[in-house]
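S.K.: here is my input, please return the structure:
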Amino acid sequence: MGLNKKDFVKIEFTGRTKEGDVFDSNVKEILEKTNVKGYPKPFVFCLGEGMFIKGIDEFLIGKDVGEYDVSLKPEEAFGKRDPKLIQMIQKKEFIKHNLNPIPGAVFNFDGKIAKVLTVSGGSVMIDFNNPLAGKEVDYKIKVLEKVEDLNEKIEALNDFLFRKNFEFEIKDKKLIMKVPKEAVKFVEMFKDKYKEILNLNLYIEEIEEKKQ
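M.R.: Numbering: from 1, shown residues only. Below you'll find the predicted structure:
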């Protein structure tokens, strides 16, 4: 019986460029041999919900537990290069933040990663395209299991949506999640998503943020 949309799966993966360079992985042995930053633990996600690379997401529907080699075109992976994402910024903007723009340097602009292409006089040309945009890539995927445990599914969805795992409990079809006051309104925005994917009605219990 193959995997279906909205099934949760647990996988190990390694992504490589066509030249064979690893750019992403969650396999301990691979991470130890490269300079790639990653988490050496299996990744759990829901198929068809945009929680992983589009091409892999679509490829796994209908497949079974096992190992697969997948080649992806740019539009299936990190998208095509967009000329509009190459922009000119005044060098004084970098100097204002004590940054030295040199060709090849990478900076974070309000959460968007950009690479410096050229520096000419007082102008700096930067590229906001993903470094892998426009490139074909290869993935080795190992589907470890179809996840059936509801708690594990909730933890995976929480991590994807909020990058943290709030405490929660399940009562019948109710998912009661303990959320700090400042995050309540944000979490409430995803009530429909929990209903759609997990068939659970989300209720939020406001708590005080724990001091570190």
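S.K.: enumerate every residue touching residue 128.
M.R.: Applying CB atoms under 8 Å, 6 or more residues apart in numbering to residue 128 gives the contacts 85-87, 109, 112-114. All C-beta atoms are positioned from the backbone trio N, CA, C, and that covers glycine.
S.K.: ramachandran coordinates for the residue lying closest to it once chain neighbours are set aside?
M.R.: In this structure, residue 128 finds its nearest non-sequential neighbour in residue 85, 4.0 Å apart by CB to CB, 6 or more residues apart in numbering. Main-chain dihedrals, residue 85, degrees, to the nearest 10: phi -90, psi 0.
S.K.: ok, residue 103 next?
M.R.: Dihedral angles for residue 103 - degrees, to the nearest 10 - are phi -50, psi 130.
S.K.: which ones are touching the nearest residue to it once chain neighbours are set aside?
M.R.: Nearest non-adjacent residue to residue 103, counting by CB to CB, 6+ apart: residue 116, 5.6 Å away. Neighbour list for residue 116: 101-107, 124-126 [criterion: CB under 8 Å, 6+ apart].
S.K.: now the closest residue to residue 168 other than its chain neighbours: which helix or strand?
M.R.: Nearest residue to residue 168 in three dimensions, chain neighbours excluded: residue 177, at 4.4 Å (CB to CB, 6+ apart). Using DSSP states H and E, the secondary-structure element containing residue 177 is strand 174-180.
S.K.: quick one: buried residues of that strand?
M.R.: Neighbour-count burial for strand 174-180 flags 175, 177, 179 (criterion: 16 or more other CB atoms under 10 Å).
S.K.: tell me which residues of whichever strand or helix holds residue 143 are tucked away?
M.R.: Assessed by DSSP H and E, residue 143 sits inside strand 137-147. Along strand 137-147, these residues count as buried under the neighbour rule (16+ other CB under 10 Å): 137, 139-141, 143, 146-147.
S.K.: elements contacting that strand?
M.R.: strand 8-17, helix 54-60, strand 66-72 (3 or more CB pairs under 8 Å, 6 or more residues apart in numbering; DSSP states H and E).
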